[in-house]
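Asks: From the sequence below, what's the structure:
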Amino acid sequence: MIGGVYCPQCQSFKTTKQGTRGKTTRQSQIRQYKCKNCELIFKDLTGIIFSKKKLPLGEMLYILANLDKKSIKRLSEELNHKWEDYYNKNKDGKPLKRSAVNLIKQGIINPEKTMEKIEKAEKQLKSSGQKSVSLKDQDARWMMNKKNKIEFSYNSQIAVDYKSGIILSNSVTQDPTDHNQLIPTIEKIIETIEPLHKDTSFLIDNGHYTIKNLEYIHKNNINAYIPNRKQATQAKTNNKNKKPFSKHNFKYDYKKNQYIYPNNQKLPYPKTYEYNNNLREQYYTNKCLKRSDQHECAGKNRIKIITAYGGDLPKRMELKMETPEAKLIYVKRKEIVEWPFGNLKQNLKFTEYYTRGIEQTPTENNLVYIAHNIKKIFNEIKKQTQQILTKNNTPTI
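Replies: Sure thing, here's the model as predicted:
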């Protein structure tokens, strides 16, 4: 063991010397080691800011000794270097991102605050399950937005009353999906306007379609409308011409419990199995092997298989959403939700958060939605007042 030398990967002190590497004077001064624990080969400069920089050892020590006393510009002039070329490139010689350059500058000015920021980002990275986090806002997460771009974002949820346009509930989460947001949203609404009217209906986006949410709705006797992925896709685009044998184009016969091909071939139900604690039903037949369009439908020498998930509750909801009444009701969801978002973005110019962090963005969210609700209430009072005045001023004969 070599005193004071440890592996940068596993932190083990069980290392052996491997001599020096390189032909230049500067390289011959740098010793190489091998870790007995993880077998990593590393050098004196591995893991530090000078690991890939061609600077004499004396200049490195001089820079480290004077970072807190002299500016970067002064050091670059004294050593006759273009300092921008040094800290604006990573270990592979590629340009650093602007955030990394800014972090280096901050580290030189205030190393303690910078290390605290890096440690916080590291904790968020471990807890997020994602490959990277934002240095500007460590609480933000990678998400697909409405522009079909994956960016650091928050997931904002709202629930809107159809008649008044009042936002009844809102929340901001770090969850990239909507799967876990429905139950808290409904509970917030019930807490705010309890009790719910017996005729209350919930028009819910397909992103909330999960077995857990369907079970919650059924257990609490909530009249909800949630399309499955097939129904949501049909409502948005016409895939019948693009992929005629897609699952979205197969019709389900509830009485006979079977799917029907676009060419009227029947796909019966043969078995049920369990996977990840969820029931799955498979529908298939080998009769399609003899059809002329078999290759287009399932592939060469293969049969078409359709898998249905979740048992009885998804079937009930799918059947409900196929009724003409449900289709007419669910069409209203677009105008209910899209109008508040349009007002917020176009009229109130609320297109991004000005605050940072999961503790502050909900407060900003609340303030903006309060402004929206106040405007709606004011316009409604104004409208009713004008109607009363018009009625009172109407001459009678």
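Asks: Check which helices and strands the longest helix seen in the chain sits against.
Replies: Secondary structure assigned by DSSP state H gives helix 361-392 as the longest helix of the chain. When contacts are defined as 3 or more CB pairs under 8 Å, 6 or more residues apart in numbering; DSSP states H and E, helix 361-392 packs onto strand 167-173. Heads up, the C-betas are built off the backbone N, CA and C, glycines and all.
Asks: List the buried residues for the strand it packs on?
Replies: Using 16 or more other CB atoms under 10 Å as the test for burial, strand 167-173 gives Ile167, Leu168, Ser169, Asn170, Ser171, Val172, Thr173.
Asks: Which strands or helices does that strand pack on?
Replies: strand 155-160, helix 182-193, helix 361-392.
Asks: residues in contact with it?
Replies: For strand 167-173, the surrounding residues in contact (CB atoms under 8 Å, 6 or more residues apart in numbering) are 154-161, 180-181, 184-185, 188-189, 192-193, 340, 358, 361-362, 365-366, 369, 372-373.
Asks: I'd guess Thr307 is in a strand, am I close?
Replies: Yes. If the criterion is DSSP: H, G, I helix; E, B strand; the rest coil, then Thr307 is within a strand.
Asks: these two touch, right, it and Tyr284?
Replies: No. With contacts defined as CB atoms under 8 Å, Thr307 does not count as touching Tyr284, sitting 9.3 Å away.
Asks: and those two? which has more neighbours close in?
Replies: Neighbour count, other CB atoms under 10 Å: between Thr307 and Tyr284, Tyr284 has more, with 18 against 12.
Asks: In space, what's closest to that one - neighbours in sequence excluded?
Replies: Ile305 (4.4 Å; CB to CB, 6 or more residues apart in numbering).
Asks: Residues contacting stretch 347-365, please?
Replies: Contacts for stretch 347-365 (CB under 8 Å, 6+ apart): 136-139, 154, 156, 170-172, 174, 344-345, 368, 371-372.
Asks: For it, buried residues please.
Replies: Quick answer for stretch 347-365 (16+ other CB under 10 Å): Phe350, Tyr353, Ile358, Thr361, Pro362, Asn365.
Asks: So for that stretch, mean pLDDT?
Replies: Stretch 347-365 shows a mean pLDDT of 90.
Asks: As a check, name the ranges of all helices in the stretch 201-350 of the chain.
Replies: 211-219, 229-236, 294-298, 312-321, 324-342 (DSSP state H, counting those that start in this stretch).
Asks: With the stretch 1-150 of the chain instead?
Replies: 25-28, 57-66, 72-79, 83-87, 98-109, 111-128.
Asks: Minimum distance to Phe378: which of those helices has it?
Replies: Smallest distance to Phe378 across these (CB to CB): 40.7 Å, for helix 111-128.
Asks: could you dump the closest one to PDB, C-alpha only?
Replies: Taking Å, rounded to 0.1, in the frame of the first residue of the first chain, the C-alpha atoms of helix 111-128 are listed here in PDB:
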ATOM      1  CA  PRO A 111     -16.000  27.300  -3.800                       C
ATOM      2  CA  GLU A 112     -18.000  26.500  -0.700                       C
ATOM      3  CA  LYS A 113     -21.300  27.600  -2.200                       C
ATOM      4  CA  THR A 114     -20.500  25.800  -5.400                       C
ATOM      5  CA  MET A 115     -19.700  22.500  -3.600                       C
ATOM      6  CA  GLU A 116     -23.000  22.800  -1.700                       C
ATOM      7  CA  LYS A 117     -24.800  23.200  -5.100                       C
ATOM      8  CA  ILE A 118     -23.100  20.200  -6.600                       C
ATOM      9  CA  GLU A 119     -23.800  18.000  -3.600                       C
ATOM     10  CA  LYS A 120     -27.500  19.000  -3.800                       C
ATOM     11  CA  ALA A 121     -27.600  18.200  -7.500                       C
ATOM     12  CA  GLU A 122     -26.000  14.800  -6.800                       C
ATOM     13  CA  LYS A 123     -28.600  13.900  -4.200                       C
ATOM     14  CA  GLN A 124     -31.400  14.900  -6.700                       C
ATOM     15  CA  LEU A 125     -29.700  12.800  -9.400                       C
ATOM     16  CA  LYS A 126     -29.800   9.700  -7.200                       C
ATOM     17  CA  SER A 127     -33.400  10.200  -6.100                       C
ATOM     18  CA  SER A 128     -34.700  11.200  -9.600                       C
END
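Asks: Specify the angle between that helix and helix 98-109 in degrees.
Replies: Angle of helix 111-128 versus helix 98-109, following axes from the mean of the first three to the mean of the last three CA atoms, to 10 degrees, is 140 degrees.
Asks: now helix 111-128: mean pLDDT?
Replies: For helix 111-128, the per-residue pLDDT averages 83.
Asks: distance of Lys391 from Ser164?
Replies: Look at Lys391 and Ser164: by CB to CB, to the nearest Å, they are 22 Å apart.
Asks: no, scratch that, I was asking about Asn155
Replies: Taken as CB to CB, the span from Asn155 to Ser164 is 25 Å.
Asks: Among these two, which residue is more densely surrounded?
Replies: Asn155 (17 against 12).
Asks: how close does the more buried one sit to Val368?
Replies: Counting by CB to CB, the gap from Asn155 to Val368 is 16 Å.
Asks: do Lys113 as well
Replies: 31 Å.
Asks: follow-up on the earlier one: ok and the longest helix of the chain relative to strand 155-160, angle-wise?
Replies: Using the same axes, to 10 degrees: helix 361-392 against strand 155-160 is 20 degrees.
Asks: Number the chain from 277, please
Replies: Sounds good: first residue 277 from here, last item helix 637-668.
Asks: Helix 637-668: which residues count as buried?
Replies: Thr637, Pro638, Asn641, Tyr645, His648, Lys652.
Asks: tell me the angle it makes with strand 443-449.
Replies: 170 degrees.
Asks: roughly how far out does helix 637-668 sit from the chain middle?
Replies: 33 Å (CA atoms, centre = their mean, to the nearest Å).
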